[in-house]
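Enquirer: the amino acid sequence is not available; the structure is as follows:
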């Protein structure tokens, strides 16, 4: 009886540790209209888009009963 042909097992290669950086960023896709609206809203608030979004997210988290965020930097 012929022997069954089996796939060879790949040698175990060690996984590379995840890359860590000192600065992390978050990005998300928006339409051009939304991006323009976000720029105008943050400008109206006299802040950067980053600061505007930071406060908006912290405020929303508070309204749903979630914990306060840690300091950004």
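Expert: Ah, there it is. Since this is a predicted model, take the numbers as computed values, not measurements.
Enquirer: please make it C-alpha for all contacts and neighbour counts, starting now.
Expert: Noted.
Enquirer: where in the protein is pLDDT low?
Expert: Applying pLDDT under 70 to the chain flags residues 1-4, 6-13, 16-24, 73.
Enquirer: biggest helix in it by residues?
Expert: In the chain, taking DSSP state H as the definition, the longest helix is helix 49-63.
Enquirer: okay, helices next: where are they in this protein?
Expert: Assigned by DSSP H, the chain shows helices spanning 32-44, 49-63.
Enquirer: residue 71: which of those helices is closest?
Expert: helix 49-63 (10.3 Å; CA to CA).
Enquirer: what angle separates that closest one from helix 32-44?
Expert: Per axes from the mean of the first three to the mean of the last three CA atoms, to 10 degrees, the angle that helix 49-63 makes with helix 32-44 is 90 degrees.
Enquirer: wait, what's in contact with residue 67?
Expert: By CA atoms under 8 Å, 6 or more residues apart in numbering, the contact set of residue 67 is residue 61.
Enquirer: try residue 38
Expert: Counting by CA under 8 Å, 6+ apart, residue 38 touches residue 49.
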